[in-house]
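Asker: prediction below, plus the sequence it came from.
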Amino acid sequence: MPFELSVDLTTLAILAVVAFIAGFIDAIAGGGGLLTTPALLTAGMPPHLVLGTNKLSSTFGSATASFTFYRRKLFHPRQWVHAIVGTLIGALTGAVVAHYLPAETLNKMLPVIVFACGVYLLFGGTPKAPVDADAPIKKKWQSTQGFSLGFYDGVAGPGTGAFWTVSTMLLHPIDLVKASGVARSMNFVSNAGALTVFIINGSVDWIVGLAMGVSVMCGAFFGARSAISGGAKFIRPVFITVVLGLTVRLAWQHWFSVA
């Protein structure tokens, strides 16, 4: 039965709250998946179902954010065709690989990825946009960048938006706002591509995913408004603390637990 509830109502409510916070944070600084992925794992869902369900909820948030940036003319799809195609192919490939990875491998891999992303967001500096901010967007690295990050998003996903923002500012002459527009839009492409594979393979919990998806959208709406008043400076240390705490919890559960 595809619509059978896999978690109790209390757990579902907690996941919805986590999704709201993740959407709020993602709209400010990116990296909301660093909260939702560990939360789903801690809820006791199998890793393949975690990845598919998280992709469903993430697609809601990335679609909303992507459309917002497009409407405000901060993202122009025609300038990023190579990146879009590369991202889609990478995400489809990554999702297929993730489906065939043994559950034990995913259990042990995800804490490492979450921890690495958390450390990166804690210590990694944000590069400044090049001086010539009006220069044409180069297509040289778009396919490679898109495929690499799309593949990562298909296999795991946490921190992909942050990686997109930073790598785009490093490779292309655009400022932080436009780089965020690229990140959110590419996130939507990779989320949608990977989600398609997970749906085909039956690796999506629809009730949990839709409930979290609505919460992610609500959180993103309020997060975008808060970002204007400098909310990122407040949320960043809280975000890092939660991520590293969840990493310790997952590492203990999957690496050191005797049971």
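Answerer: Sure, I can see it. Numbering: from 1, shown residues only.
Asker: contacts and neighbour counts: CA atoms only from here.
Answerer: Noted.
Asker: can you pull the contacts of residue 21?
Answerer: Neighbouring residues of residue 21 by CA atoms under 8 Å, 6 or more residues apart in numbering: 32, 216, 219.
Asker: quick one: the helices in the stretch 1-150 of the chain?
Answerer: For the stretch 1-150 of the chain, the helices defined by DSSP state H, counting those that start in this stretch occupy 9-28, 33-42, 47-71, 81-100, 103-123, 142-155.
Asker: quick one: list the elements packing against the last one.
Answerer: Pointing back at helix 142-155 there. Using 3 or more CA pairs under 8 Å, 6 or more residues apart in numbering; DSSP states H and E, the elements in contact with helix 142-155 are helix 81-100, helix 160-171, helix 176-200.
Asker: relative to helix 176-200, how tilted is the second one?
Answerer: Interaxial angle of helix 160-171 relative to helix 176-200 (axes from the mean of the first three to the mean of the last three CA atoms, to 10 degrees): 140 degrees.
Asker: off-centre distance for helix 160-171?
Answerer: Centroid separation for helix 160-171 versus its chain: 13 Å, with CA atoms, centre = their mean, to the nearest Å.
Asker: same for it, what does it pack against?
Answerer: In terms of contacts (3+ CA pairs under 8 Å, 6+ apart), helix 160-171 is packed against helix 142-155, helix 176-200.
Asker: between that helix and helix 9-28, how many degrees?
Answerer: With the same axes, to 10 degrees applied, the angle from helix 160-171 to helix 9-28 works out at 10 degrees.
Asker: list the buried ones in helix 160-171?
Answerer: Residues of helix 160-171 classed as buried: 160-171 (neighbour count, 16 or more other CA atoms under 10 Å).
Asker: and for the longest one?
Answerer: Of the residues in helix 176-200, those buried under the neighbour-count criterion (16+ other CA under 10 Å) are 176, 178-199.
Asker: and the pLDDT at the nearest residue to residue 168 once chain neighbours are set aside?
Answerer: Using CA to CA, 6 or more residues apart in numbering and skipping residues adjacent in sequence, the residue nearest residue 168 is residue 179, 5.9 Å away. Here the pLDDT value assigned to residue 179 is 81.
Asker: residue contacts, residue 179?
Answerer: Contacts of residue 179 by CA under 8 Å, 6+ apart are 164-166, 168-169.
Asker: now those residues as TSV including pLDDT and distance to residue 156?
Answerer: Converted to TSV, the contacts of residue 179 look like this (pLDDT from 0 to 100; distance: CA to CA, whole Å):
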residue	pLDDT	distance to residue 156
164	85	15
165	78	18
166	76	18
168	85	20
169	79	23
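Asker: which two of the residues you listed have the greatest separation?
Answerer: Farthest-apart pair in these is 164 and 169; separation 8.5 Å (CA to CA).
Asker: output the below-cut-off pLDDT ranges for the stretch 101-250 of the chain.
Answerer: Residue ranges of the stretch 101-250 of the chain with pLDDT under 70: 103-111, 113-136, 158-159, 224-225, 227-247, 249-250.
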